[in-house]
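**Q** sequence first, predicted model second:
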Amino acid sequence: MVSGACFAEMGVNVTCVDIDEAKIEGLKQGVIPIYEPGLKSIVIRNYDAGRLQFTTDLPSVLNDMEMVFIAVGTPSDESGNAEMKYVWEVTDTIGNHIEKPLLIVTKSTVPVGTSHQIKERVQQRLDQRGLGSLQFDVASNPEFLKEGAAVDDFMSPDRVVVGVESERARELMTRLYRPFLLNNFRVIFMDILSAEMTKYASNAMLATRISFMNDIANLCERVGADVNMVRRGIGSDSRIGKNFLYPGCGYGGSCFPKDVKAIIKVAEKVGYEMRVLKAVEQVNENQKRVLFQKFMTFFNGDVAGKSVAVWGLSFKPETDDVRDAPALQLIRSLLEVKVNVRAYDPAAMDEARKQLHDTIYYAKDIYDAANNADALIVPTEWKEFRLPNWEILKKIMRTHVIIDGRNIYNKEDLTAYGFEYRGIGL
């Protein structure tokens, strides 16, 4: 959605295709199916200008296009492999209906070698249709957008990675991205296999930094060090840098969990073990239980019937994405020990309700969530959570304990207000 809208913003004629009729009709009416800052205005503006169209019928528009981006989901299957059925469905539709030269670009995060498989499947269908000599090309253009900042990332990216194997594909991708070159960012061309691997390697490295810092945070707690000071100390080293070194309650979302699993499986298939990434994954799974463990420890396990306020349901701020969100794992653990949960999130309430149903109370705001609460737990660092009125919270909470999963509060400040404070690595 972001890619299509932002390409249209740069003057490209774009048609977005989805099999969900309700979603497509909603988009035509300006209803955006995801929460992403800045996206709605771009979609409406370009739809009204005629540069952005929506349809459920790929064959009807396929042969009016110069290139098609495959941008479907590739979630983890039960064994941790990337689920490829949606990619193959689009691929087969293209192979069954293509009648003119076309560039097929993979934007979905896919195992290394997928673009070559796409080429083989399309060629097989062309051969069956008697069109075996029809020219088409494939390319890989992995997506590196951050949820919550996707529009800004697309318009001003650190880099754009493009994998090609033909001069025609390179020329088309260069023409597509030429408007962005005015911002002096880099388009990095490489072979297709390397482009596909770059996507997995990038997410795996970021996940590794997060799990490493969480491991350090847990050690800091045990030896009496302050992880915030440690983070500042190591982040000031230019060889390391400060990004993705913030301790917390684990990573979630649609990318890191599934991509770490997928690259581990890719390695297994060629007889190699990704030992570091297996540890990254295990540390993250353990870290998602830290907030619950801190809660249980504070009350010495005597928690049945208590009420807990949970601020934040999305896996990170500025998105409504709750996939693999630490908050949902926390809530499920609380429910298992008969705790009453009162939750609030600025954007993700509806998405959370689809998974949690009516097992919790969905609050109107942060204070409604904290009313008569025995503890306040913060898994997601939304900006509106950073400076609450502590005097009001002191009055309305039954027990004054704050468990901060993102270290957004100052322990000394909260102690002065009369709260017990528990952070990560402090």
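**A** Alright, I've got the coordinates.
**Q** for this protein, which spans come out with low pLDDT?
**A** Under the criterion pLDDT under 70, the flagged ranges of the chain are 183-185.
**Q** ok, now how distant is the residue located most distally from the centre of it from residue 138?
**A** Each residue of the chain has a distance to the centre, and by C-alpha atoms, centre = their mean the biggest one is for residue 130: 41.8 Å. Between residue 130 and residue 138 the computed distance is 21 Å (C-beta to C-beta, to the nearest Å). The C-beta positions use only the backbone N, C-alpha and C, and glycine is treated the same way.
**Q** now residue 277
**A** For residue 277, the distance to residue 138 - C-beta to C-beta - is 28 Å.
**Q** if you count surrounding residues, which of these two has more?
**A** residue 138 (25 against 21; other C-beta atoms under 10 Å).
**Q** element containing the more buried one?
**A** Following DSSP states H and E, one finds residue 138 within strand 136-140.
**Q** so what's residue 160 bridging to?
**A** residue 187 (DSSP bridges).
**Q** who are the contact partners of it?
**A** 141, 177, 180, 185-188 (C-beta atoms under 8 Å, 6 or more residues apart in numbering).
**Q** please apply the same query to residue 7.
**A** Contacts for residue 7 were tallied using C-beta under 8 Å, 6+ apart; they are 14, 176.
**Q** now for the helix or strand where residue 176 lies, which elements pack on it?
**A** In this assignment (DSSP H and E), residue 176 forms part of helix 167-177. Counting contacts by 3 or more C-beta pairs under 8 Å, 6 or more residues apart in numbering; DSSP states H and E, helix 167-177 is packed against strand 102-106, strand 136-140, strand 159-164, strand 186-190.
**Q** just put those in a markdown table and tack on distance to residue 245.
**A** As requested, the helices and strands packed on helix 167-177 are exported to a markdown table (distance: least, C-beta to C-beta, whole Å):
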| stretch | distance to residue 245 |
| --- | --- |
| strand 102-106 | 31 |
| strand 136-140 | 30 |
| strand 159-164 | 21 |
| strand 186-190 | 24 |
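**Q** which one of these lies nearest to residue 328?
**A** strand 102-106 (30.0 Å; C-beta to C-beta).
**Q** who wins on neighbours among the contacts of residue 160?
**A** residue 141 leads the contacts of residue 160 on contacts (other C-beta under 10 Å) with 24 neighbours.
**Q** can you name the residues that contact that residue?
**A** Neighbouring residues of residue 141 by C-beta under 8 Å, 6+ apart: 69, 105-107, 160-163, 173, 195.
**Q** same check on residue 411?
**A** Contacts of residue 411 (C-beta under 8 Å, 6+ apart): 421, 423, 426.
**Q** burial count for the last one?
**A** When you say that, I think you mean residue 426. Residue 426 - counted by other C-beta under 10 Å - has 17 other residues nearby.
**Q** next: the first one.
**A** Close neighbours of residue 421, defined as other C-beta under 10 Å, add up to 18.
**Q** just to be sure, it is in a strand?
**A** Yes - assessed with DSSP: H, G, I helix; E, B strand; the rest coil, residue 421 lies in a strand.
**Q** surely it touches residue 407?
**A** No - counting by C-beta atoms under 8 Å, residue 421 does not reach residue 407; the two are 10.2 Å apart.
**Q** can you give me phi and psi for residue 65?
**A** Backbone dihedrals for residue 65, given as degrees, to the nearest 10, come out at phi -110, psi 150.
**Q** ok, and the closest non-adjacent residue to it?
**A** residue 102 (6.7 Å; C-beta to C-beta, 6 or more residues apart in numbering).
**Q** pull the contacting residues for that neighbour.
**A** Taking C-beta under 8 Å, 6+ apart, one finds 62-63, 65-68, 94, 136-137 in contact with residue 102.
**Q** quick one: buried ones out of these?
**A** 62, 65, 67-68, 94, 136-137 (16 or more other C-beta atoms under 10 Å).
**Q** make JSON lines out of those residues and add distance to residue 220.
**A** Listed next are the buried ones among the contacts of residue 102 as JSON lines, based on distance: C-beta to C-beta, whole Å:
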{"residue": "62", "distance to residue 220": "56"}
{"residue": "65", "distance to residue 220": "54"}
{"residue": "67", "distance to residue 220": "50"}
{"residue": "68", "distance to residue 220": "49"}
{"residue": "94", "distance to residue 220": "52"}
{"residue": "136", "distance to residue 220": "55"}
{"residue": "137", "distance to residue 220": "52"}
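**Q** can you get me a residue count around residue 281?
**A** Neighbour tally, residue 281, other C-beta under 10 Å: 21.
**Q** ugh, typo on my part, it should be residue 318
**A** Other residues near residue 318 number 19, with proximity taken as other C-beta under 10 Å.
**Q** which residues touch it?
**A** Neighbours of residue 318 in contact, by C-beta under 8 Å, 6+ apart: 35-37, 147-149, 347, 382.
**Q** how near is it to residue 34?
**A** 11 Å.
**Q** what does residue 285 give?
**A** 26 Å.
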